[in-house]
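Engineer: Provided below for reference: sequence and predicted model.
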Amino acid sequence: MDLTVVAYIVYLLISVALTVWVARTLSRNGRIFLADVLHGNEKLAEAVNHLLVVGFYLVNFGFVALYLSQDEAVADARSLFEALSVKLGVVLLVLGVMHLGNVYVLNRIRRRGVMEREQVPPVPPQGWTPQAGRGGPWAPPAPGAGAGAGAGA
């Protein structure tokens with residue numbers, strides 16, 4: 001068997017295994033985070049989590065497939081390991097970037113939810129405060145009073 005084909009097989013096996021492991025880890029731990037972000041709505045958290053995992057798989061498996069080709073033939077064991085190390089290193093970097101991207105997006109969603117919760121008053125308004133006189137301190141000035149009165153006299 002050609003060593004280039006062996007390199008392809010090993011690359012695919014390790015890349016797929018790493019992608020599945022990272023996706024399961026993100027899914028398991030992301031579910032808890034999403035439930036907090038979505039205010040305890042478990043069904044919505046599960047749906048968003050599933051969509052994120054599907055997108056993660058699609059992007060990573062697409063990248064692994066596109067990055068499969070090898071320009072040079074693998075002649076010996078040394079070049080086999082060198083080719084695998086470069087390919088797997090790039091796949092690991094892409095997985096890491098995807099992970100950081102997911103965490104960044106989820107953190108932005110969480111931060112937005114926290115800001116919305118802080119904007120809601122702790123006690124709903126119960127009515128208006130009665131105003132003294134003609135509208136209280138925010139009433140417009142009375143006619144004839146103001147900066148121009150008496151200036152021309």
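Structural biologist: Yep, that arrived.

Engineer: now do the helices in this structure.
Structural biologist: 3-37, 42-66, 77-119 (DSSP state H).

Engineer: can I get these in TSV with mean pLDDT and mean neighbour count?
Structural biologist: For every residue, glycine as well, the C-beta is placed using N, CA and C. Below are the helices of the chain laid out as TSV (pLDDT from 0 to 100; neighbours: other C-beta atoms under 10 Å):
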stretch	mean pLDDT	mean neighbour count
helix 3-37	86	16
helix 42-66	88	15
helix 77-119	81	13
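
Engineer: of those helices, which is nearest Pro143?
Structural biologist: If you check each of the helices of the chain against Pro143 by C-beta to C-beta, helix 77-119 wins as the nearest, at 39.2 Å.

Engineer: coming back round to it: the helices of the chain: which one's closest to Gly127?
Structural biologist: Comparing the helices of the chain under C-beta to C-beta, the one sitting nearest is helix 77-119, at 21.1 Å.

Engineer: that closest one to helix 3-37, inter-axis angle?
Structural biologist: 10 degrees (axes from the mean of the first three to the mean of the last three C-alpha atoms, to 10 degrees).

Engineer: helix 77-119 - contacts with which helices or strands?
Structural biologist: helix 3-37, helix 42-66 (3 or more C-beta pairs under 8 Å, 6 or more residues apart in numbering; DSSP states H and E).

Engineer: if we compare those helices, which one ends up closest to Trp128?
Structural biologist: helix 3-37 (36.2 Å).

Engineer: other SSEs contacting that closest one?
Structural biologist: helix 42-66, helix 77-119.

Engineer: format those helices as a markdown table; extra columns: distance to Leu3.
Structural biologist: Formatted as a markdown table, the helices and strands packed on helix 3-37 follow (distance: least, C-beta to C-beta, whole Å):
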| stretch | distance to Leu3 |
| --- | --- |
| helix 42-66 | 20 |
| helix 77-119 | 5 |
